[in-house]
Each structure stands twice: as structure tokens, then as C-alpha cells.
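Student: What would the 3D arrangement of this be:
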Amino acid sequence: MGFPGVWMTESESMVYRVVPKCACSTIGQIMFYSDHGRFFDGDIHDSKNGLHKWSQDHSHDPIEQAVRAGRGVSFTCVRNPYARILSSFFDKIAGIQRNGRRYRGNLVPQLIQRYGIDVGSPENDFDFDQIASFRRFLLFARDTIRFRKPMEPDIHWSAMSGHISTFIVNGGHYDQIFYTETFNEGMAAVLDAAETPVKVDLAEVPRFNESEGHGPKRAHKVSEYFDDLSRHLIWEIYRDDFKLFRYDFENPDNKLPIGEIDLDEVHAKLGR
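Tutor: Numbering: from 1, shown residues only. Here you go, the predicted structure:
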């Protein structure tokens with residue numbers, strides 16, 4: 001199966017398992033900069049050279065050899081599940097994508113028809129009931145993950161533990177896993193451990209949020225989107241994410257973890 005979702009610097013200083021909606025654009029740009037002394041001009045997801053990606057055939061052998069030999073610092077980044085699923089909704093469902101169209105073509109019309117979701121439009125300044133529509137989207141997300149209907153689960157709302165496990169199951173080992181919420185500290189620890197051709201000053205790195213500005217802004221605090229049923233669904237979908245990465249299920253407004261990640265436990269539970 002190889003190492004899907006893995007990016008690696010050409011210098012093999014860093015090996016990163018991408019987890020969507022967890023600062024992956026910024027991390028990719030930092031990796032690119034650490035080799036080339038410049039940022040990629042555009043969305044790093046669109047780069048075809050300068051950064052090894054498992055999605056590129058020519059990158060398979062370098063990634064596989066580096067991972068098997070334990071070269072570079074292998075890491076990933078996680079995010080509070082409440083905030084992550086909200087971000088997925090506002091970006092992929094309510095927002096307009098970089099190409100000027102809705103995400104995945106007919107997905108949003110299908111959700112409007114099947115789940116009664118309303119996401120507004122740029123013409124009406126995305127005026128819609130965010131809470132009601134998000135809760136209906138959550139039902140859809142649960143259906144895709146639990147029952148794989150009406151479609152396979154999308155990478156942007158499937159569980160982080162699922163993404164992270166593929167690297168372990170296929171023979172990789174994480175040196176570090178850090179939090180989006182304390183990004184600078186986590187990324188600094190990775191860079192400190194890596195031998196990069198170019199030194200990176202994190203204080204000078206912009207945030208590359210490629211989804212920002214293409215859709216509605218969140219109008220309420222996190223907890224207001226999650227009633228009892230919503231929280232039941234969130235636990236059903238993301239139980240392992242809360243437990244392994246020590247996020248606070250009881251308080252949706254607390255975005256910070258309530259403990260430290262145990263890397264041995266992550267490898268033991270996700271490597272089965």
C-alpha cells in the first residue's frame with residue numbers, strides 16, 4: 001500500500017503525514033522553504049516538484065527508502081475534532097473553492113436535496129442558518145463514515161486517527177506529533193530535530209490558509225453548533241481522536257488538549 005498522504009523534503013530532512021484541515025498548507029510551505037530558501041508560488045497542494053509527495057509516481061522510491069531507513073524526522077499534526085469538522089463544513093460545504101466552483105461538483109446540491117442543508121451563496125453574502133445546516137451536515141458526515149453512504153467518507157472529515165494509522169501500519173514510525181493549536185512550539189521542535197539545508201525562522205513564516213476568504217465566516221462560538229445529538233455523533237465519529245490526542249470532549253469551546261500525546265500508545269493502537 002505504500003505511504004499515501006506522505007510528503008517529504010527532497011533533502012529527506014522531514015517526512016510528514018498530511019492530515020487535512022490541520023495546517024497542512026503551512027507545513028508544506030515550511031518544508032519547501034527549508035530545502036529551497038523560498039516558498040512555493042501558489043497552493044503547495046498544487047506543486048509538482050521541489051517536494052516529494054506519495055501522489056507523484058517519481059516520489060515513491062525516495063519516500064519508501066527514507067521511511068524504511070528511518071531517515072529524517074517523521075511527524076504529523078492534529079487538531080481539535082470539534083474545530084476541524086466545523087472548518088471542513090465552512091470550507092468544503094459552505095465555501096466556494098479556489099476554482100470558483102463548489103467542492104466536488106454536485107456534492108452540495110446533493111446535500112441540499114437529501115439532507116435539507118442551506119449554505120447560502122456569494123450573492124446573498126452566505127446568509128443562512130449556520131447551526132441548523134451544520135448539524136444536518138454532521139448527519140451526512142456520520143453516514144459517510146459509518147455506513148459509507150451516500151458516498152465514501154471525504155479526507156477532510158474522516159478521522160485523524162485513520163489518516164495517521166496508514167503510516168504506522170505500512171511500516172513508518174512517528175518521531176513527533178504536535179498540535180495545530182500550539183503550532184509554533186510543535187513545528188519548532190520538528191525543525192530543531194531536522195537537519196535542513198535552509199534555516200527557517202518561524203516568526204517570519206506567514207500562515208498559508210488556502211481556504212480563507214472563499215466562504216462564510218463562523219458566526220457563533222463552537223459549542224453553539226453542538227447540541228446533545230451533535231455531540232453524540234461527534235463521539236461516534238471521532239472517539240479515537242479525542243482519546244489518543246487528548247482533546248476535551250466535554251467542553252467544545254476548549255480547543256486546547258488536556259494532556260500529552262503518548263507516542264507509544266498511538267503506535268500500539270493505530271498499528272494494529
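
Student: what about stretch 95-115, average pLDDT?
Tutor: Averaged across stretch 95-115, pLDDT comes to 90.

Student: Equivalent analysis for stretch 67-79, please.
Tutor: 97.

Student: for this structure, what helix or strand is lowest in average pLDDT?
Tutor: helix 107-115 (a mean of 93; mean pLDDT, DSSP states H and E).

Student: Can you list the buried residues in that helix?
Tutor: Using 16 or more other CB atoms under 10 Å as the burial criterion, the residues of helix 107-115 that qualify are L107, V108, L111, Y115. Heads up, the C-betas are built off the backbone N, CA and C, glycines and all.

Student: what do you get for stretch 176-191?
Tutor: Q176, I177, F178, Y179, T180, E181, F183, G186, M187, V190, L191.

Student: mind saving the C-alpha coords of that stretch as PDB?
Tutor: Taking Å, rounded to 0.1, in the frame of the first residue of the first chain, the C-alpha atoms of stretch 176-191 are listed here in PDB:
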ATOM      1  CA  GLN A 176       6.700  13.700  16.700                       C
ATOM      2  CA  ILE A 177       3.000  14.500  16.700                       C
ATOM      3  CA  PHE A 178       2.100  18.100  17.600                       C
ATOM      4  CA  TYR A 179      -1.000  20.300  17.900                       C
ATOM      5  CA  THR A 180      -2.300  22.900  15.400                       C
ATOM      6  CA  GLU A 181      -3.400  24.900  18.500                       C
ATOM      7  CA  THR A 182       0.300  25.200  19.600                       C
ATOM      8  CA  PHE A 183       1.700  25.200  16.100                       C
ATOM      9  CA  ASN A 184       4.800  27.300  16.600                       C
ATOM     10  CA  GLU A 185       6.100  25.200  19.500                       C
ATOM     11  CA  GLY A 186       5.400  21.900  17.700                       C
ATOM     12  CA  MET A 187       6.800  23.000  14.400                       C
ATOM     13  CA  ALA A 188       9.900  24.400  16.100                       C
ATOM     14  CA  ALA A 189      10.600  21.100  17.800                       C
ATOM     15  CA  VAL A 190      10.400  19.300  14.400                       C
ATOM     16  CA  LEU A 191      12.800  21.900  12.800                       C
END
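
Student: on that earlier part again, centre of the chain versus the least confident helix or strand of the chain, how much separation?
Tutor: Distance, stretch centre to chain centre, for helix 107-115: 24 Å (CA atoms, centre = their mean, to the nearest Å).

Student: which strands and helices sit next to the next helix or strand after it?
Tutor: Per DSSP states H and E, the first helix or strand lying C-terminal to helix 107-115 is helix 130-147. Helix 130-147 is packed against helix 81-88, helix 107-115, helix 228-245, with contacts defined by 3 or more CB pairs under 8 Å, 6 or more residues apart in numbering; DSSP states H and E.

Student: Go through these and find the least confident stretch.
Tutor: With a mean of 93, helix 107-115 has the lowest mean pLDDT of those.

Student: With that, I have no additional questions.
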